[in-house]
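Visitor: One predicted model, sequence on top.
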Amino acid sequence: MSHIPARAFGSLATAMVTPFTADTSIDLDSAERLARKLVDDGSDTILLSGTTGESPTTHQPEKNDLTRVVKEAVGDRAFILCGACSNDTAHAVRIAQGAQECGADGLLVVSPYYNRPSQRGLLAHVRAIADATDLPIMLYDIPGRTGLAFSDETLDTLAEHPRISAVKDATGNVEQGVERMHRTGLEYYSGDDGLNFAWMTGGASGFVSVVSHVASAHYRKIINLLDDDHVWEARELAYSLRPLVAAIMGTGQGAVLAKYALYLQGVIDTPTVRLPLVGPSEEEITRLTEVMTRFDLI
């Protein structure tokens, strides 16, 4: 009999881009349209104001408006997870509180980047955010971007907090994550589209995906196949998606290329990003267009 893991944050979360108009103003109409599309295609969680949502360059009034509009658009059809991500703890707390006021169902909390506190500082940072609202929390471990990984001791301590229940892992170390999820009892979610299948077969609850902007139906099928113990079929489907994963994530510019993919589909009106991000190169556009055409996505 299949053993399906607990899924407090759903099984397929899309880390949603934040659409902008040509003048870089936030485009709430496109955001509403995009959120509905993602849920229709199989995402049961929408992550707002994460890295892919350009959280470093969107401001709290915009984050609040985005949360409110998307929550109204999808209602109870999806779990709304909001990033409370800042290397200023007081700022992260304000973001968290604003998200709760605007209808968020949960929070994503990343380790403070650039200032790189000690593990004691990391612990204090996360606890301050966790204690500021009533929302469940998914930690985000991505040391390649933050320069600060969660240690085993810190995770063990945070796992005891009543509102901290999951980890989005983008460390690339599936073996370590499998050991941690068993030791701590925390749910784990793949934070790396190239490792989604490996994480799921290791016991993860689901994916937090960027490629699902255009491949939600494929990822939903992979999850359903694994839940039904059709491992080899899921493996082949996951492998077949590798060109699409590479076209969107291969340069490390997932936010840029996911947004351009949606623009090619006509889901959003412009592929505009805010500096310091810039649009894709002609080579990247050509490659993305070819791969999406091959997958009948445009």
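Guide: Sure, I can see it.
Visitor: now the strands for the stretch 1-150 of the chain?
Guide: 12-15, 45-48, 79-83, 106-110, 137-141 (DSSP state E, counting those that start in this stretch).
Visitor: quick one: which of these is nearest residue 286?
Guide: Evaluated over these, closeness to residue 286 peaks at strand 12-15, with 24.8 Å, by Cβ to Cβ. C-beta: built from backbone N, CA, C; applies to glycine.
Visitor: got the contact list for residue 67?
Guide: Residues counted as contacts of residue 67 (Cβ atoms under 8 Å, 6 or more residues apart in numbering) are 48-49, 80, 82, 98-99, 102-104.
Visitor: Let me have the residues you listed in a markdown table, extended by distance to residue 55 and pLDDT.
Guide: Putting these into a markdown table (distance: Cβ to Cβ, whole Å; pLDDT from 0 to 100) gives the following:
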| residue | distance to residue 55 | pLDDT |
| --- | --- | --- |
| 48 | 9 | 98 |
| 49 | 5 | 98 |
| 80 | 15 | 98 |
| 82 | 9 | 98 |
| 98 | 13 | 98 |
| 99 | 11 | 98 |
| 102 | 15 | 98 |
| 103 | 18 | 98 |
| 104 | 14 | 98 |
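Visitor: Going through those residues, which ones are buried?
Guide: For the contacts of residue 67, a neighbour count by 16 or more other Cβ atoms under 10 Å gives the buried set as 48-49, 80, 82, 98-99, 102-104.
Visitor: Closest one of those to residue 209?
Guide: The shortest gap between residue 209 and any of those belongs to residue 48, at 14.3 Å (Cβ to Cβ).
Visitor: Disregarding residues adjacent in the polypeptide, which is nearest to that closest one?
Guide: What sits nearest to residue 48 in space, not counting adjacent residues and going by Cβ to Cβ, 6 or more residues apart in numbering, is residue 82, at 5.0 Å.
Visitor: Run through the bridge partners of the one you found.
Guide: When bridges are called by DSSP bridges, residue 82 pairs up with residue 48, residue 107.
Visitor: right, and it touches residue 104 too?
Guide: Yes - under the criterion of Cβ atoms under 8 Å, residue 82 makes contact with residue 104 at 4.2 Å.
Visitor: ok, residue 126 - contacts?
Guide: Taking Cβ under 8 Å, 6+ apart as the criterion, residue 126 is in contact with 109, 111, 137, 139, 158, 164.
Visitor: In CSV: these, plus distance to residue 206.
Guide: As requested, the contacts of residue 126 are arranged in CSV below (distance: Cβ to Cβ, whole Å):
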residue, distance to residue 206
109, 18
111, 21
137, 16
139, 15
158, 20
164, 17
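Visitor: quick one on the thing from earlier: dump the strands of the stretch 1-150 of the chain into a markdown table; add distance to residue 61 as well.
Guide: Listed next are those as a markdown table, based on distance: least, Cβ to Cβ, whole Å:
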| stretch | distance to residue 61 |
| --- | --- |
| strand 12-15 | 21 |
| strand 45-48 | 14 |
| strand 79-83 | 14 |
| strand 106-110 | 18 |
| strand 137-141 | 23 |
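Visitor: mind listing the helices for this protein?
Guide: 28-41, 60-74, 89-101, 119-130, 143-146, 152-158, 174-184, 196-201, 212-227, 231-240, 242-249, 254-265, 282-294 (DSSP state H).
Visitor: any chance of these in TSV, plus distance to residue 11?
Guide: Below are the helices of the chain laid out as TSV (distance: least, Cβ to Cβ, whole Å):
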stretch	distance to residue 11
helix 28-41	13
helix 60-74	16
helix 89-101	22
helix 119-130	23
helix 143-146	24
helix 152-158	22
helix 174-184	15
helix 196-201	9
helix 212-227	5
helix 231-240	13
helix 242-249	18
helix 254-265	20
helix 282-294	24
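Visitor: Minimum distance to residue 7: which of these has it?
Guide: Shortest distance between residue 7 and these, using Cβ to Cβ, is found for helix 212-227: 9.7 Å.
Visitor: Can you dump the C-alpha atoms of the closest one in PDB for me?
Guide: Once side chains and other backbone atoms are set aside, the C-alpha atoms of helix 212-227 remain, and they are given as PDB (Å, rounded to 0.1, in the frame of the first residue of the first chain):
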ATOM      1  CA  SER A 212       5.300  24.600 -12.800                       C
ATOM      2  CA  HIS A 213       4.400  28.000 -14.200                       C
ATOM      3  CA  VAL A 214       4.200  26.100 -17.500                       C
ATOM      4  CA  ALA A 215       4.300  22.400 -16.400                       C
ATOM      5  CA  SER A 216       1.800  22.200 -13.500                       C
ATOM      6  CA  ALA A 217      -0.200  19.500 -15.300                       C
ATOM      7  CA  HIS A 218       3.000  17.400 -15.800                       C
ATOM      8  CA  TYR A 219       4.100  17.800 -12.200                       C
ATOM      9  CA  ARG A 220       0.600  17.000 -10.900                       C
ATOM     10  CA  LYS A 221       0.800  13.800 -12.900                       C
ATOM     11  CA  ILE A 222       4.200  12.900 -11.500                       C
ATOM     12  CA  ILE A 223       2.900  13.400  -7.900                       C
ATOM     13  CA  ASN A 224      -0.200  11.300  -8.700                       C
ATOM     14  CA  LEU A 225       1.800   8.500 -10.200                       C
ATOM     15  CA  LEU A 226       4.100   8.400  -7.200                       C
ATOM     16  CA  ASP A 227       1.200   8.400  -4.800                       C
END
